[in-house]
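**Student:** Build me a structure from this.
(chains A and B)
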Amino acid sequence: AQKVTQAQTEISVVEKEDVTLDCVYETRDTTYYLFWYKQPPSGELVFLIRRNSFDEQNEISGRYSWNFQKSTSSFNFTITASQVVDSAVYFCALSEAGYGQNFVFGPGTRLSVLP
Amino acid sequence: NAGVTQTPKFQVLKTGQSMTLQCAQDMNHEYMSWYRQDPGMGLRLIHYSVGAGITDQGEVPNGYNVSRSTTEDFPLRLLSAAPSQTSVYFCASSYSEGGASPYEQYFGPGTRLTVT
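**Tutor:** Down below sits the predicted model:
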């Protein structure tokens, strides 16, 4: 069965600090996909990244970067030089390939960036 | 494109009442799904559909029904509302390569449901 764990329930940082959000997943499949979503205080869910299990290269997009390590089943998300607008709940999600695409979300990490 | 739309935005029901949450998408996505979001529990999958006429249960299907008669629409029916169904409900859709490769989901704005 699939499972996603985000052990950090809430994190507070001061603006311009770097922060890493942890995501650990469990799956028996060799082909799977990992996602990160952002939910700002307004409530909508915003897609950030999709990564398949065969691509372990780290990815950087502006101030955002992702570290995928199959050896530890982790897909961590780092925000560099955090800003107040980064305050949101961040969700990590997992979906196995194949019919059904049963997406499983982690419980989320609430990030507060203080000015 | 309107993306994924949901109606209503807010709803209050009494225990035992039934209602339908509407969801529509205009992106011609094969895959659609319904989630509920409760504090501290992330999003939990209720039902999903991989195409018109095909639906399946997710993690928490009890008390809910779905149907998919068209590609665009995926309504969620609450049969007999209970206080435990108080939650925020999100509908989502995504492109799907015949179900082989899950792509990012596009979410609707959500429906906040309170059952008293």
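**Student:** all contacts plus neighbour counts: C-alpha atoms, from now on.
**Tutor:** Will do.
**Student:** Tell me the bridge partners for the residue nearest to the spatial centre of chain B.
**Tutor:** When Cα atoms, centre = their mean is applied to chain B, the residue found nearest the centroid is B:Trp34 (2.5 Å). B:Trp34 forms beta bridges with B:His47, B:Cys91, as assigned by DSSP bridges.
**Student:** cool, and A:Ile49?
**Tutor:** Where A:Ile49 sits in a bridge, its partners, by DSSP bridges, are A:Trp36.
**Student:** ok, it - contacts?
**Tutor:** A:Phe35, A:Trp36, A:Tyr37, B:Glu104 (Cα atoms under 8 Å, 6 or more residues apart in numbering or on different chains).
**Student:** give the contact list for the last one.
**Tutor:** Residues near B:Glu104 by Cα under 8 Å, 6+ apart: A:Phe35, A:Phe47, A:Ile49, A:Arg50, B:Ser94, B:Tyr95.
**Student:** The residue nearest to the centre of chain B against B:Cys91, yeah?
**Tutor:** Yes: between B:Trp34 and B:Cys91 a contact is recorded at 4.6 Å, counting by Cα atoms under 8 Å.
**Student:** Tell me, how many residues neighbour residue 51?
**Tutor:** Because you didn't say which chain, this covers chain A. Residues lying near A:Arg51 (other Cα atoms under 10 Å in any protein chain shown) number 21.
**Student:** my bad, chain B
**Tutor:** Per other Cα under 10 Å, the neighbour tally for B:Gly51 reads 20.
**Student:** do the same with the one 4 residues further on
**Tutor:** By the measure other Cα under 10 Å, the count of residues near B:Thr55 is 20.
**Student:** Within the helices and strands, which one has it?
**Tutor:** Following DSSP states H and E, one finds B:Thr55 within strand B:54-57.
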